[in-house]
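[1] pasting the structure only:
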């Protein structure tokens, strides 16, 4: 029976063969005469972007926002990746990604437009080839066309040798665009080729290496390479009526002390909440919630032991989110996914922070009357995708979205168990780069665990919580939200070790 090394060698040979064959397949497609207009209609294009000078993420964001003014309508973006420099290695690591867009510009016009954007961000076109740059924008595909010109070659001649290009291009593939005769059909064919190459070449293994890592940017903190292990989000409830630990923390000093304790126990993120979301909970006023969470967040950011710890605010109120971020919070955790405040998505887009988008039907008062599903994982995934699309339409980039299928929210016991075992089904319903974004699960001390184990007191459910956490991680969770951090951290380490052994 072949061992893993032999299988990897076989996969590598298949990959090399496909790389050899693909250019010949591409040569059978039309070579465009750049002197004639292609069409009055718009064409779909794939553009790779990169930067390794200055504030790379901010430069990329600003450049993408400029594209519409040049006649380039951005359809979707990939994840962000941090990559080791290629060709010239004595330079900083790069931030890379890609986007799909529609444009009526002809190929050379598109090239000129992208060069003008690069120049606006200080690109030195006389600088060292493959050297440092504040912004790089490359046309990888122009529909499914083959173009040869002394200024431009499409497909980009080196895309096949660059994992930092293939990974984001694979993120862009949208299967539904490969149907019919719409403007994106040609590009979809190209992206499907990329996706197949990436899968045959064991792209997932490349993405988990030190040379290529997806990440989420955090304000005033290092880039968060979330895929390397499971991350633990410690729960800091500033509420008198939480189902588990309401009223236990008396004032800001107690809250800071408990946060420090959770970090010592293994918490990677602190999630501060002032609004109970237990079934039947009454909604606070914005003013009351602000008064609960903002002083605590401000104190946490001023605590020396917590300077490297991301702070999350657990709220579905857009104004609370804004004031929490102003006080120092690094991300927003919204149990409603934007359904309880119509301003939340636009607010998070403006705040420019990561966004935990959770699935829930109704609100805390009504959600447990909305637990009927024909296929729980399928429907939760589809509804999460719809919520994520609304968030992206409001301006939240996909690489800032963290998905949460919402254990305990509009789910009965069977639904919760199906979600824990069906995370891959949920993920399969996500489109494009969202399929590869981190997934957060929060089974901690939930009522269904008490029903299963017979423990009516929430704090007595920690053993069951640890087991639930391990199962979630084994099935694909990347972040676990927990009350008892040490127990869940230990369970996650074990599950990570098992997952790692499967990949070797």
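    Yes, it's here. Predicted model only: the values in this text are computed from it and were never measured.
[2] number of nearby residues for residue 137?
    Neighbour count of residue 137, defined by other C-beta atoms under 10 Å: 25. For glycine as for every other residue, the C-beta is placed from the backbone atoms N, C-alpha and C.
[3] can I take it that it is in a helix?
    No. Counting by DSSP: H, G, I helix; E, B strand; the rest coil, residue 137 is not found in a helix; it is strand.
[4] the nearest residue to it once chain neighbours are set aside: which element?
    Counting by C-beta to C-beta, 6 or more residues apart in numbering, residue 114 is the residue found nearest to residue 137 once chain neighbours are left out, at 4.2 Å. For residue 114, the host element (DSSP states H and E) is helix 107-120.
[5] and that helix, what does it pack onto?
    helix 56-66, strand 136-142 (3 or more C-beta pairs under 8 Å, 6 or more residues apart in numbering; DSSP states H and E).
[6] tell me which residues in it are buried?
    Buried positions in helix 107-120, judged by neighbour count with 16 or more other C-beta atoms under 10 Å: 107, 110-111, 113-114, 117-118.
[7] on that earlier part again, residue contacts, the residue nearest to residue 137?
    47, 70, 137-139 (C-beta atoms under 8 Å, 6 or more residues apart in numbering).
[8] repeat that with 10 Å
    Residue 114 sits next to 45, 47, 49, 63, 67, 70, 72, 105, 135-139 when contact means C-beta atoms under 10 Å, 6 or more residues apart in numbering.
[9] now the buried members of these.
    45, 47, 49, 63, 67, 72, 105, 135-139.
[10] how close does the residue sitting nearest the centre point of the chain get to residue 385?
    By C-alpha atoms, centre = their mean, the chain has its centre lying nearest to residue 437, at 3.3 Å. Distance, residue 437 to residue 385, by C-beta to C-beta, to the nearest Å: 12 Å.
[11] which residues do the two both contact?
    In contact with both residue 437 and residue 385: 403, 430, using C-beta under 10 Å, 6+ apart.
[12] can you map out the helices along the stretch 351-500 of the chain?
    376-393, 413-421, 423-428, 447-453, 462-474, 485-503 (DSSP state H, counting those that start in this stretch).
[13] among these, which is the most enclosed?
    Among the helices of the stretch 351-500 of the chain, ranked by average contacts under mean count of other C-beta atoms under 10 Å, first place goes to helix 462-474 (a mean of 22).
[14] counting contacts, what elements does that one pack onto?
    Applying 3 or more C-beta pairs under 10 Å, 6 or more residues apart in numbering; DSSP states H and E, we find helix 462-474 packed against helix 413-421, helix 423-428, strand 440-441, helix 447-453, strand 479-482, helix 485-503.
[15] and it, how far out from the chain middle?
    Centroid displacement of helix 462-474 relative to its chain, using C-alpha atoms, centre = their mean, to the nearest Å, is 23 Å.
[16] isn't residue 153 up against residue 141?
    No. Counting by C-beta atoms under 10 Å, residue 153 stays clear of residue 141, with 11.5 Å between them.
[17] neighbour count: those two, which is higher?
    residue 141 (29 against 13).
[18] residue contacts, the more buried one?
    By C-beta under 10 Å, 6+ apart, the neighbours of residue 141 are 43-48, 98, 100, 147, 154-156, 159, 169, 172, 186-187, 189-191, 193-194.
[19] now with 6 Å?
    Contact analysis of residue 141 by C-beta atoms under 6 Å, 6 or more residues apart in numbering lists 46, 155, 187, 190.
[20] that one and residue 186: what is the separation?
    8 Å.
[21] and residue 367, by the same measure?
    Taking C-beta to C-beta, one finds residue 367 at 44 Å from residue 186.
[22] about what we covered before: just name the closest of the contacts of residue 141 to residue 397, please.
    Nearest to residue 397 among these is residue 46, at 16.7 Å by C-beta to C-beta.
[23] am I right that that closest one sits in a strand?
    Yes. Membership of residue 46 in a strand is supported by three-state DSSP.
[24] of the buried residues of helix 107-120, closest to residue 225?
    residue 118 (26.8 Å).
[25] how near is the closest one to residue 132?
    Counting by C-beta to C-beta - residue 118 and residue 132 are separated by 13 Å.
[26] same deal with residue 394?
    34 Å.
[27] for residue 100, same thing?
    From residue 100 over to residue 132 the distance is 27 Å, taken as C-beta to C-beta.
[28] swap in residue 189?
    Distance from residue 189 to residue 132, by C-beta to C-beta: 35 Å.
[29] and if you look at residue 121?
    13 Å.
[30] next one: residue 69
    27 Å.
[31] quick one: which of these two has more around it?
    The neighbour count for residue 69 versus residue 132, taken as other C-beta under 10 Å, is higher for residue 132 (17 against 9).
[32] mind checking the SS state of the more buried one?
    coil.
[33] grab the nearest non-local neighbour of it.
    residue 91 (4.7 Å).
[34] what pLDDT does that neighbour get?
    Confidence at residue 91, expressed as pLDDT, is 93.
[35] kindly report the same for residue 95.
    97.
[36] kindly report the same for residue 437.
    94.
[37] which strand residues bridge the residue lying closest to it once chain neighbours are set aside?
    Sequence neighbours aside, residue 401 is the residue nearest to residue 437 in space, at 5.6 Å (criterion: C-beta to C-beta, 6+ apart). Beta-bridge pairing for residue 401 (DSSP bridges): residue 355.
[38] give the contact list for residue 401.
    355, 357, 388, 437.
[39] so, low pLDDT: which residues of the protein?
    Along the chain, segments meeting pLDDT under 70 span 1-40, 178-180, 241-249.
[40] ok so residue 235 is a strand residue?
    Yes. When three-state DSSP is applied, residue 235 is found to be in a strand.
[41] tell me which element residue 98 falls in.
    Here residue 98, judged by DSSP H and E, is contained in strand 94-103.
[42] tell me what angle that strand forms with helix 107-120.
    140 degrees (axes from the mean of the first three to the mean of the last three C-alpha atoms, to 10 degrees).
[43] sheet-wise, list the partners of strand 94-103 with their directions.
    By DSSP bridges, strand 94-103 pairs with strand 43-51 (antiparallel), strand 72-77 (antiparallel), strand 80-83 (antiparallel).
[44] give me the contact list for the longest one.
    With contact meaning C-beta under 6 Å, 6+ apart, strand 43-51 is reached by 59-60, 94-103, 134-143, 165, 183-184, 187.
[45] select only the buried ones of those in PyMOL?
    In PyMOL, this line selects whichever of the contacts of strand 43-51 come out buried by 16+ other C-beta under 10 Å:
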select buried, resi 59+60+94+95+96+97+98+99+100+101+102+103+134+135+136+137+138+139+140+141+142+143+165+184+187
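[46] am I right that residue 413 is in contact with residue 448?
    Yes. Counting by C-beta atoms under 6 Å, residue 448 is a contact partner of residue 413 at 4.4 Å.
[47] okay, now stretch 60-71: how far is its last residue from its first?
    17 Å (C-alpha to C-alpha, to the nearest Å).
[48] and for stretch 168-183?
    Terminal residues of stretch 168-183 lie 21 Å apart, using C-alpha to C-alpha.
[49] about what we covered before: how far off centre is the strand holding residue 98?
    15 Å.
[50] perfect, that will be all.
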